[in-house]
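Peer 1: from the sequence below, what's the structure:
(chains A and B)
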Number of protein chains: 2
Amino acid sequence: MPRYIPPLRDMKFVLHEMLEVEKHLAKLPQHADIDAATIDSVLEEGGRFCAEVLFPLNQVGDREGCTYHGDGVVTTPTGFKDAYRQFVEAGWPSLGADPEYGGQGLPHVVHSAFMEMMNSANQAWSMYPGLSHGAYNALKAFGTPEQKSVYLPKLVSGHWTGTMCLTEAHCGTDLGLLRTRAEPQSDGSYAITGTKIFISAGEHDLAENIVHLVLARLPDAPAGTKGISLFIVPKFLPDGHGGIGARNRVKCGSIEHKMGIHGNATCVMNFDQAKGWMVGAPNKGLNAMFVMMNSARLGVGMQSLGLAEFAYQNSLAYAKERLQSRSLSGPKYKDKPADPIIVHPDVRRMLLTQKAYVEAARAFTYWAGLAIDREHKHPDEAVRKDNADLVALLTPVVKGFITDNGYESTTLAMQVLGGHGYITEHGLEQCVRDARINMIYEGTNTIQALDLLGRKVLGDMGAKLMKFGKVIQDLVKSHAGDPAMKEFTDPLAALATEVQALTAEIGQKAMKNPDEVGAAAVPYLRIIGHLVFSFAWCYAAGVAMKKLDSGDPFYKAKITTARFYFAKLYPETAGLIRQVRAGAAPLMELEEALF
Amino acid sequence: MPRYIPPLRDMKFVLHEMLEVEKHLAKLPQHADIDAATIDSVLEEGGRFCAEVLFPLNQVGDREGCTYHGDGVVTTPTGFKDAYRQFVEAGWPSLGADPEYGGQGLPHVVHSAFMEMMNSANQAWSMYPGLSHGAYNALKAFGTPEQKSVYLPKLVSGHWTGTMCLTEAHCGTDLGLLRTRAEPQSDGSYAITGTKIFISAGEHDLAENIVHLVLARLPDAPAGTKGISLFIVPKFLPDGHGGIGARNRVKCGSIEHKMGIHGNATCVMNFDQAKGWMVGAPNKGLNAMFVMMNSARLGVGMQSLGLAEFAYQNSLAYAKERLQSRSLSGPKYKDKPADPIIVHPDVRRMLLTQKAYVEAARAFTYWAGLAIDREHKHPDEAVRKDNADLVALLTPVVKGFITDNGYESTTLAMQVLGGHGYITEHGLEQCVRDARINMIYEGTNTIQALDLLGRKVLGDMGAKLMKFGKVIQDLVKSHAGDPAMKEFTDPLAALATEVQALTAEIGQKAMKNPDEVGAAAVPYLRIIGHLVFSFAWCYAAGVAMKKLDSGDPFYKAKITTARFYFAKLYPETAGLIRQVRAGAAPLMELEEALF
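Peer 2: Numbers count the residues shown, from 1 in each chain, chains lettered A, B, ... in the order given. Coordinates of the predicted model:
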């Protein structure tokens, strides 16, 4: 049976020892009072809820899936509803939300850590409150004061949940093609008509109301992406007194059968003259939706971090327990009929790959979480701007790199278990199936790569990338006098230099042929991912190095894992750089008919 | 809905234009008469059977799975039994079998091509006859004349099916630990007692009898792998007149719930004093089983080739039909609301990766199929030996490299479809789930890598590898005067040289520390895989180059795909070589307790 233990030691290492969040949060007026003890107790209590309430429902959710009963009714798997009730009663939905709307106002970085644990325990379940949080973000940024006062407290308390209704059957990536219409009504509302697909958490039995944020076109809207507006369309109309009134004309038509995340209902949603209200300005819907989507993209990286942590724990436990064959360098456990498989170098490769990816992803995503806090709440505008740039630059890397690594990690975890990994009861094959969606939704990883290279890097002539380059330089410089750190700072600095040259090359080629951007994007994102992870491992090793004398073996393990990362994972960049340099021609040469 | 069209054009290219099988088979007395037309008609008819009978059952099989009814009874999904009846009536089980036992005696290379199509159409179904063929091979090699006369005609006709019963709950890779006992009886038979798990096709309703080949220990057997014997244990005892008699004491206890291949029953088999007969010599069971396993390993490579071909076809069709966004270099289909996604460079990367892997895998596996024919049937002993060496060397590469690539290919195919790829009805997520087992069973890919590097390469001081090196050299030399071929022969020759040096380095390190072999094995297998694929693409390009003037665009596509391979996939070797050179220390340094 699978197990999950919240990895509090490493979470605290990242938060307190690497990021020193207390020190940074002290500079943000909203969070000036929070201390390490408060953060730790949130993590400990949150971890307990995830491990004890959500985790036991993970396999049940996969096995049963959601059920469509006809006439728009969807029920979630056994136990999901009760867990959601406990979640709401304990106040967890409000953790990261603004106190103005009933939130607890905890920093984003702490909320991120809680999200990691929720996803380790049960990604399908966690998507319900996850989408609510996205809807909360978009309404908070673009809603009218009235919309905010009606919807935000309900989303914050968790009594209502949210969705994002973007995709239609003929358009996902290219939202400019969407057809759902919004006709203005005399009372200031709109009648929304159209069909949306792939709507996660679109219908369920967890909450009394569901707030859909829907992209649609006004009658006179220009074609393409510049003619899309955002609407709020609740399942039940608010009654004006904090309760729900009439049923709106939006209904779930069916739910999808899919590879994983069975416990989350993926719905076809039919809007038939449903009542809605515009959010933000007409034809500016995509802007508003991007607020939601950027937060969702970071959230997706967090989902894969969570799954990879779970997979690592379980494959590690198996590798220590399973006795099979002897070490090639002679028996290690002579008293046992065979050695535990963790003695074998290749099993260690599979475990260390997971460990190195998981721990770097944790450092990276928490760092991004803190940057978001600083972006929004730091009193100094220059600091806000720097952090906003770093977050914008690295959001596609969080999403693309961590979800690709998450799939690889969970696949390796299965492999450690051999045939047992393929069997459902061990929980790892579900983990792979769940992890697979993260590479697709909220913008496929190709879209992330185009966003990174085209918009974030080349779009401002490398200015944001240089900002990150400066962060790297500062770290390298801070260890300049330390020979023990050279094995980590040298490859980091080398890759940073390499990236600079490579980016300039792509930029020049792209001026002649825009397909060069599309051709380079995916391997380029992976190179930047390795640059970030090199940074994270160098950073972690530097912190651990100073504490080696403490006697706590945790620090020794950190340094050894950093060493593994640079020896065995970092070298992937050599091939990636050659792929990028090969350019667009080898991709574009073959005529369509000859594929 | 998914589709499958047998890729006859490329299959014929490999068989007739690359391998010139007719010419080679003419030298083997048993196949001297076979001509290209006969081969083609087998492929065409076989392809029709796969596409029309097996393929429509692929999704049904996944959805329904097998059912355990208690008391040892297992039924297969709707339609499986009828398809098997048609398969037997049409004589397909006997295709590659010896005429002495009722087989049609077709060459292995032709049988291989048929297997590819069966697996494209329905891997789970194809495993039932696939395992029979493995049992046939082992009995043919090691059975007594009487055993052969009783069992082989039944396996060849398909009226009985076969299994391999190796794994037990506590041992898979390390068969030395197995506990199933065989007690000699006064009538010369043995009473077999024990429990086997993960027995594919262990119980079903397709055939009137199931012939289990079971590994067990004699009472006085030495411990470990040198005390294992092989037994034949039929579900029903033969009645001595070609029919079945009493029910034997072997029964299916349950079937597994697993990630994929739902249509194939993965059984727990309980042997309770079941009647069996020894096959081969006492305590030499593993030798006999390896005959079966080597053929099974090539078969597993063929499974992933089949799945990858299916996935490529379906993602290609989608990429041509799906309209989404405009080409970055300007609209390509102005009359349509958007361009088909095949215009985008990264979609092409995903398609070409699949195409390059599939076509190289086809060339490689058919080449191995022909080598097996030459190994067993060539009149010249030296030729037999050379081919045996090449087959031994490359069997783990077929299994390991093609199944890893198959998983990557099917994963990419899903990605081309975006969200639709995650939905079951499109058939690609099933394809990924099915492909995943191929990296695990018949020896995990780690075991393949250890077999390659430890036994096949270092085990004979590189003699077999040098034989393959000679094959490569000959190809490079044959194009020495041709500047148009330089872009292909140069990287092939460079990698061959690199491999030579790298192998020597590993060999020297391994003398000091055997863990160096385990540490290098998996990336080393991938490097050798690329060496083989570089060879295959160079070979294919050379053949196509000569026919460019024919006007058939097929040859142009071959050359362009070869160019893509060397530009975008081959560079992976740069990172792999660095990983190998990093050695064992980064894997072995971390103490077990600190993971």
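Peer 1: residue A:262 contacts residue A:65, doesn't it?
Peer 2: Yes. Proximity of residue A:262 to residue A:65 meets the contact threshold set by CB atoms under 8 Å, at 3.8 Å. Every residue, glycine included, has its C-beta placed from N, CA and C.
Peer 1: the longest strand along chain A pairs with which strands?
Peer 2: For chain A, the strand with the greatest residue count under DSSP state E is strand A:266-279. Strand pairing for strand A:266-279, using DSSP bridges, gives strand A:190-200 (antiparallel), strand A:229-234 (antiparallel), strand A:250-255 (antiparallel).
Peer 1: which residues sit against the second one?
Peer 2: The contact list for strand A:229-234 (CB atoms under 8 Å, 6 or more residues apart in numbering or on different chains) reads A:138-139, A:142-143, A:147, A:151, A:160, A:165, A:182, A:190, A:192, A:209-218, A:221, A:244, A:248, A:250, A:271, A:274-285, A:288-289.
Peer 1: separation between residue A:438 and chain B?
Peer 2: Residue A:438 sits 10 Å away from chain B, going by CB to the nearest CB, to the nearest Å.
Peer 1: chain center to stretch A:129-141, what's the gap?
Peer 2: 15 Å (CA atoms, centre = their mean, to the nearest Å).
Peer 1: quickly list the domain ranges of chain A.
Peer 2: The record assigns chain A these domain ranges, following automatic domain parsing: A:8-142, A:160-284, A:455-588.
Peer 1: export these to JSON lines and tack on distance to residue B:420, mean pLDDT and mean neighbour count?
Peer 2: As requested, the domains of chain A are arranged in JSON lines below (distance: least, CB to CB, whole Å; pLDDT from 0 to 100; neighbours: other CB atoms under 10 Å in any protein chain shown):
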{"stretch": "domain A:8-142", "distance to residue B:420": "19", "mean pLDDT": "97", "mean neighbour count": "20"}
{"stretch": "domain A:160-284", "distance to residue B:420": "8", "mean pLDDT": "97", "mean neighbour count": "20"}
{"stretch": "domain A:455-588", "distance to residue B:420": "20", "mean pLDDT": "98", "mean neighbour count": "19"}
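Peer 1: for residue B:533, find the nearest of the ones you listed.
Peer 2: Counting by CB to CB, residue B:533 lies closest to domain A:455-588 out of the domains of chain A; the figure is 14.5 Å.
Peer 1: strands of chain A, start to end?
Peer 2: Taking DSSP E, the strands of chain A run over residues A:67-68, A:74-75, A:160-165, A:181-184, A:190-200, A:209-216, A:229-234, A:236-238, A:244-247, A:250-255, A:266-279.
Peer 1: quick one: the residue in the stretch 51-200 of chain A that chain B sits nearest to and residue B:338, what's the gap?
Peer 2: Proximity of the stretch 51-200 of chain A to chain B (CB to the nearest CB) peaks at residue A:174, 4.3 Å away. According to CB to CB, to the nearest Å, residue A:174 and residue B:338 sit 6 Å apart.
Peer 1: what residues are shared contacts of those two?
Peer 2: Residues touching both residue A:174 and residue B:338 (CB under 8 Å, 6+ apart): B:324-325.
Peer 1: which bits of the stretch 101-250 of chain A sit near chain B?
Peer 2: A:167, A:170-174, A:176-177, A:197-198 (CB under 8 Å from any CB of the partner chain).
Peer 1: go with 7 Å
Peer 2: With CB under 7 Å from any CB of the partner chain as the criterion, the stretch 101-250 of chain A comes near chain B at residues A:167, A:171-174, A:177, A:198.
Peer 1: JSON lines for the residues you listed, including distance to residue B:334?
Peer 2: Converted to JSON lines, these look like this (distance: CB to CB, whole Å):
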{"residue": "A:167", "distance to residue B:334": "25"}
{"residue": "A:171", "distance to residue B:334": "18"}
{"residue": "A:172", "distance to residue B:334": "22"}
{"residue": "A:173", "distance to residue B:334": "20"}
{"residue": "A:174", "distance to residue B:334": "16"}
{"residue": "A:177", "distance to residue B:334": "15"}
{"residue": "A:198", "distance to residue B:334": "29"}
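Peer 1: residue A:83 against residue A:57, yeah?
Peer 2: Yes. Counting by CB atoms under 7 Å, residue A:83 touches residue A:57, with 5.9 Å between them.
Peer 1: isn't residue A:485 right up against residue A:479?
Peer 2: Yes. Using CB under 7 Å, residue A:485 is in contact with residue A:479, at 4.0 Å.
Peer 1: which residues are in contact with each of those two?
Peer 2: residue A:542 (CB atoms under 7 Å, 6 or more residues apart in numbering or on different chains).
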